[in-house]
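Participant: Take a look and give me a structure for this.
(one chain, ligands or ions: 1)
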Amino acid sequence: MRKDLIAGNWKMHATHLDTIQMVQKLSYRLNDSDHERVDVVVCPPFTALRSAQTVIETDHLRIKLGAQNCHWAESGAYTGEISPAMLAKLSVTYVVVGHSERRHIFGEVDADINRKVKAVFEGAMTPILAVGETEQERADEMTEERVRSQFVAGTTGLTQDQISSLVVAYEPVWAIGTGKTATPEDAQNVCGFIRDLAAESSGNAADHMRILYGGSVNPGNVAAIMAKRDIDGALVGGASLDPDTFASVIRYWV
Ligand code: PEP
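Facilitator: Residues are numbered from 1 along each chain as shown. Next comes the predicted model:
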């Protein structure tokens, strides 16, 4: 019922020239049946979106384009920011919102993240709302409390249809870029908890909402994570930068 989604978050890596090569190489390693099974998304830096769009459209690729962040306003005096409307014009279809690096390094708070989630929907794109606890919060057994507050605040005011098409990425902060991963069982427990939260407010829409796991996903651990009931995909950082490695993550069943 829910199609798998595997998204590569390239963070602040790859010039527009690197991006052209990376998208092309990735496309050579994927076939139509892979795309039938998985929505494949790449999220290069803003400066490379136009080049990625050109390659995808010129070569009729089935790879989808994502952005790593956006502002909530359509336009205005927000120096250095990028609006949802600007992204939509570049054929961007997914936008990561509330990544822990945005929260922790750049001070984004839940209220901003909620405005962004709504703005992404208004721009006819799909938000990938990232939530997750820090190492200290996990040690203090506050994982569910933290995830609940981020999810509830991030999704405030969404309609049931929006909850159905929302993508949530559960990313324990201590697992991002560290080589440490949650066990598949722990990841399932939190992803199941998120689906239950969505069901509390939005009923059946929760069954359609896709939930990704993120945090040091690689070709060796992805299959066990993807086998879990409430995990519908992965948000992949480091392992998405090499097209061979990323293709192995995407084709996790091979
Ligand atoms: C991320 O950036 O969202 C991420 C999960 O990174 P990594 O896969 O490198 O841990």
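Participant: Just the mean pLDDT for whichever strand or helix holds residue 162, thanks.
Facilitator: Using DSSP states H and E, residue 162 maps to helix 160-165. The pLDDT scores in helix 160-165 average 98.
Participant: Quick one: list the elements packing against that helix.
Facilitator: Helices and strands touching helix 160-165, by 3 or more C-beta pairs under 8 Å, 6 or more residues apart in numbering; DSSP states H and E, are helix 184-202, helix 205-208. Any C-beta I mention is one placed from the backbone N, CA and C, and that applies to glycine too.
Participant: mind checking which of those is nearest the ligand?
Facilitator: Judged by C-beta to the nearest ligand atom, the one of the helices and strands packed on helix 160-165 that comes nearest to the ligand is helix 184-202, at 11.9 Å.
Participant: and for the closest one, what are the contacting residues?
Facilitator: 131, 143-144, 147-148, 151-152, 155, 158, 160, 163-164, 168, 170, 172, 181-182, 205-207, 209, 211, 213, 224-225, 227-231 (C-beta atoms under 8 Å, 6 or more residues apart in numbering).
Participant: Show me these that map onto helices.
Facilitator: Judged by DSSP state H, helices contain the following of those: 143-144, 147-148, 151-152, 155, 160, 163-164, 205-207, 224-225.
Participant: returning to what we had before: got the helices and strands packed on helix 160-165 as JSON lines, with mean pLDDT, distance to residue 70 and mean neighbour count columns?
Facilitator: Shown next, in JSON lines, are the helices and strands packed on helix 160-165 (pLDDT from 0 to 100; distance: least, C-beta to C-beta, whole Å; neighbours: other C-beta atoms under 10 Å):
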{"stretch": "helix 184-202", "mean pLDDT": "98", "distance to residue 70": "22", "mean neighbour count": "18"}
{"stretch": "helix 205-208", "mean pLDDT": "98", "distance to residue 70": "23", "mean neighbour count": "17"}
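Participant: okay if I get the ones you listed as JSON lines plus distance to the ligand?
Facilitator: Formatted as JSON lines, the helices and strands packed on helix 160-165 follow (distance: least, C-beta to the nearest ligand atom, whole Å):
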{"stretch": "helix 184-202", "distance to the ligand": "12"}
{"stretch": "helix 205-208", "distance to the ligand": "23"}
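Participant: Generate TSV for the ones you listed, with distance to residue 2 as supplementary columns.
Facilitator: Formatted as TSV, the helices and strands packed on helix 160-165 follow (distance: least, C-beta to C-beta, whole Å):
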stretch	distance to residue 2
helix 184-202	10
helix 205-208	7
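Participant: Of all these, which one comes closest to residue 90?
Facilitator: Closest approach to residue 90 among the helices and strands packed on helix 160-165 (C-beta to C-beta): helix 205-208, 26.6 Å.
Participant: hmm, who's touching the closest one?
Facilitator: Residues outside helix 205-208 that contact it (C-beta under 8 Å, 6+ apart): 1, 2, 160, 161, 163, 164, 165, 195, 196, 198, 199.
Participant: got a list of what the residue of the stretch 101-250 of the chain found nearest the ligand touches?
Facilitator: Proximity of the stretch 101-250 of the chain to the ligand (C-beta to the nearest ligand atom) peaks at residue 237, 2.2 Å away. Listed by C-beta under 8 Å, 6+ apart, the contact set of residue 237 reads 8, 9, 11, 176, 177, 214.
Participant: and the third one, helix, strand or coil?
Facilitator: To tie it back to what came earlier, the one meant is residue 11. The local conformation at residue 11, judged by DSSP: H, G, I helix; E, B strand; the rest coil, is coil.
Participant: Which residue comes closest to it once chain neighbours are left out?
Facilitator: Nearest non-adjacent residue to residue 11, counting by C-beta to C-beta, 6 or more residues apart in numbering: residue 237, 6.2 Å away.
Participant: how near is the one you found to residue 248?
Facilitator: The gap separating residue 237 from residue 248 is 15 Å, by C-beta to C-beta, to the nearest Å.
Participant: Thank you kindly, that will do.
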